[in-house]
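Participant: what's the 3D shape of this:
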Amino acid sequence: MRHRAATALAVAGALALAGCGGSGSGEDAPDLSVGSAYMPQPVSDLAAGFLTITNEGGAADRLTSVSSDIADRVTVHETVDGSMREVDGLDIPARGSLVLESGGNHLMFEQLKRRPREGQKVSVELRFDRSDPVTVEVPVEAATYTPKTGRTTGQGTGHETGHETGHETGH
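Facilitator: As a prediction, the model looks like this:
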């Protein structure tokens, strides 16, 4: 009788553990949201774009490309030691954020087809390695605009400037 009780307890324990965070639980997928997006009003045929991609999910993802109807080309730039260079993507850590900000990593809108003005919005499509594409309506701010809270950190909520631009899950 003792052996049966021990076996039943072991089976019950194994079943309880199996229900905690297996691959079917959604914990192993990115869960992305985008916030703090803005574009300073361009003064030439180039423009910069800034935003924060927050990943609440248990798996990392990667921003792989960006497009917009206002530019012939949108590129992703990494800034290291004050020097910027085009890259083929940027990582978004699990339960972390990718911050694109002035003076740091950012988007470059090249060969603008039109120059958006302050108060308008620019539609931008973000594409990822694992998640579905996300379309964001990016507000155009004054060329001298600075987010109210100053420089954001890589572990923020993505909502520091109050420019909530949408939410998209990676499912």
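
Participant: Which residue, neighbours along the chain excluded, lies closest to the spatially most central residue of the chain?
Facilitator: For the chain, the residue nearest the mean C-alpha position is Ile53 (2.0 Å; C-alpha atoms, centre = their mean). Excluding the flanking residues, the one nearest Ile53 by C-beta to C-beta, 6 or more residues apart in numbering is Leu98, at 4.6 Å. Placement of C-beta: from N, CA and C, glycine included.

Participant: Figure out the helix or strand that that neighbour lives in.
Facilitator: Assigned by DSSP states H and E, Leu98 belongs to strand 96-100.

Participant: and that strand, which strands flank it?
Facilitator: The strands beside strand 96-100 in its sheet (DSSP bridges) come out as strand 46-55 (antiparallel).

Participant: next structured bit after the partner strand?
Facilitator: For strand 46-55, the following helix or strand on the C-terminal side (DSSP H and E) is strand 61-68.

Participant: how would you label Glu137: helix, strand or coil?
Facilitator: Of the three states, Glu137 takes strand according to DSSP: H, G, I helix; E, B strand; the rest coil.

Participant: where does the protein dip in pLDDT?
Facilitator: By pLDDT under 70, the low-scoring segments of the chain are 1-27, 149-171.

Participant: got the residue ranges for the strands in it?
Facilitator: Taking DSSP state E as the test, the strands found in the chain are 32-40, 46-55, 61-68, 71-80, 83-87, 90-92, 96-100, 106-112, 121-128, 134-141, 164-167.

Participant: Including distance to Pro147, could these go into a markdown table?
Facilitator: Shown next, in a markdown table, are the strands of the chain (distance: least, C-beta to C-beta, whole Å):
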| stretch | distance to Pro147 |
| --- | --- |
| strand 32-40 | 7 |
| strand 46-55 | 8 |
| strand 61-68 | 20 |
| strand 71-80 | 17 |
| strand 83-87 | 19 |
| strand 90-92 | 19 |
| strand 96-100 | 11 |
| strand 106-112 | 13 |
| strand 121-128 | 17 |
| strand 134-141 | 9 |
| strand 164-167 | 13 |
